[in-house]
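Chemist: Need coordinates for the following:
(one chain, ligands or ions: 2)
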Amino acid sequence: MPTPDTRPSPATPHHRWSIDQIAFDRIAHERIVREDTWLYVLAAASFVESLSDLYTRNLLDYMADDSEASGWLREQWEPEELQHGRALRRYVETVWPGFDWPAAFDGFCADYRPYCKPELLAPTRALEMVARCVIETGTSGLYGLLHQVSPEPVLSALTGHIHHDEVGHYKYFYHFFLRYRETEHPSRWQVARVLRHRLSEIGQEDAYLALKNAVTVHHPDQTFGPQDFQRFQHMAGHWARIAYPYDMTVKMLLKPLRLPNFINRLALPLLVYQARRVVAP
Ligand SMILES: [Fe+2]
Ligand SMILES: [Fe+2]
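Modeler: Ligands and ions are numbered 1, 2, ... in the order given. Sure thing, here's the model as predicted:
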């Protein structure tokens, strides 16, 4: 997948799509229906996306007096994240009709809500926008990867649409970061600290709890522990070695540091090398 343009211009025409355009009736079931790993990964992604209204509430309170940001969050960001959740859910329920999505989602919500408190927001708006850029970079990378490795064409199209949306979200959060940077003047060290902290959290409790609920609802006789999670990470590492968009994600992560161009050029190959070792050791 080519590196998308991540210029901080939310005025860029937005890639719009709707769930009605997804050809759920043309899914090539035989290509994916026996792949339990895909069921769990897609169900887990749909749970996290479907809980977006909870994150939006925290963020909306935090940004309440910023009409541009809160308007965008309410009118574009939240509906798009929820559409990701609905579309992934529909895909899962179409391919695996026996999977009890509502039960697994309820279990995930109960497990995950305690981790979603307003006090987990960053201490300033500029730094919170950096944290959001990291999250959107993570989701952009994930769906870029799923788009590439999907064994089934309708899923590939769907994850491609979601990937574009996530890159678009990144651009908006980056735009708001630039705006708050003017008044809050965060240092590069503060930005780097948020980047490091948020990166260390990616793929941790939300992914663990989402997968756990997907697996245990589908197979009530099974338990789910750290070793099972490691097996998923191993599989993800295998996919990542084939198709993870390393260049794109490292560029997106470096951007809020606003390093001089020559340092970016020096750092990029090294960081891409390191990212490969972290994502797919
Ligand atoms: Fe999303
Ligand atoms: Fe997003």
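
Chemist: Run the chain-centre distance for stretch 160-175.
Modeler: Its chain's C-alpha centre lies 10 Å from the corresponding centre of stretch 160-175 when counted by CA atoms, centre = their mean, to the nearest Å.

Chemist: Quickly check: that stretch near ligand 1 or not.
Modeler: No: contact of stretch 160-175 with ligand 1 (CB under 5 Å from the ion) is absent, the minimum separation being 5.6 Å. (Glycine included, C-beta is placed from N, CA and C.)

Chemist: ok, is that stretch in contact with ligand 2 or not?
Modeler: Yes: in terms of CB under 5 Å from the ion, part of stretch 160-175 sits within range of ligand 2, namely 166, 169.

Chemist: Measure how buried the closest residue to residue 198 other than its chain neighbours is and give me the count.
Modeler: Leaving aside its chain neighbours, residue 198 sits nearest to residue 134 (3.9 Å; criterion: CB to CB, 6 or more residues apart in numbering). Burial of residue 134, expressed as a neighbour count using other CB atoms under 10 Å, amounts to 22.

Chemist: try residue 231
Modeler: Neighbourhood size, residue 231 [other CB under 10 Å]: 12.

Chemist: Measure how far the host helix or strand of residue 38 is from the centre of its chain, please.
Modeler: Assigned by DSSP states H and E, residue 38 belongs to helix 36-50. Average the C-alpha atoms of helix 36-50, do the same for its chain, and the two points are 12 Å apart (CA atoms, centre = their mean).

Chemist: quick thing: my sequence starts at 36, can you match it?
Modeler: OK, 36 is where the count begins now, so the last one is helix 71-85.

Chemist: what are the C-alpha coordinates of the very next helix or strand once past it, in PDB please?
Modeler: Sequence-wise, the next helix or strand downstream of helix 71-85 (DSSP H and E) is helix 87-97. Extracted in PDB, the C-alpha atoms of helix 87-97 (Å, rounded to 0.1, in the frame of the first residue of the first chain):
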ATOM      1  CA  SER A  87     -16.200   4.700  20.400                       C
ATOM      2  CA  ASP A  88     -19.100   6.600  21.800                       C
ATOM      3  CA  LEU A  89     -17.600   6.200  25.300                       C
ATOM      4  CA  TYR A  90     -14.200   7.600  24.200                       C
ATOM      5  CA  THR A  91     -16.000  10.400  22.400                       C
ATOM      6  CA  ARG A  92     -17.800  11.400  25.500                       C
ATOM      7  CA  ASN A  93     -14.600  11.800  27.500                       C
ATOM      8  CA  LEU A  94     -12.900  13.700  24.700                       C
ATOM      9  CA  LEU A  95     -16.000  15.900  24.000                       C
ATOM     10  CA  ASP A  96     -16.100  17.000  27.600                       C
ATOM     11  CA  TYR A  97     -12.400  17.800  27.400                       C
END
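
Chemist: How about the contacts made by the closest residue to ligand 1 within the stretch 86-235 of the chain?
Modeler: Among the residues of the stretch 86-235 of the chain, residue 119 lies closest to ligand 1, at 3.9 Å counting by CB to the ion. Contacts for residue 119 (CB atoms under 8 Å, 6 or more residues apart in numbering) come out as 80-81, 84, 87, 197, 200.

Chemist: What mean pLDDT does the helix or strand in which it is found get?
Modeler: When secondary structure is defined by DSSP H and E, residue 119 falls within helix 113-130. Averaged across helix 113-130, pLDDT comes to 96.

Chemist: which stretches of the stretch 36-185 of the chain aren't confidently modelled?
Modeler: Counting by pLDDT under 70, the low-confidence segments of the stretch 36-185 of the chain come to 36-50, 151-154.

Chemist: redo that, cut-off 50
Modeler: In the predicted model of the stretch 36-185 of the chain, residues 36-43 satisfy pLDDT under 50.

Chemist: How about residue 270: what's its closest non-neighbour residue?
Modeler: residue 72 (5.7 Å).

Chemist: returning to that earlier point: how about the helix holding residue 119: buried residues?
Modeler: Neighbour counts using 16 or more other CB atoms under 10 Å place 113, 115-120, 122-128, 130 of helix 113-130 among the buried residues.
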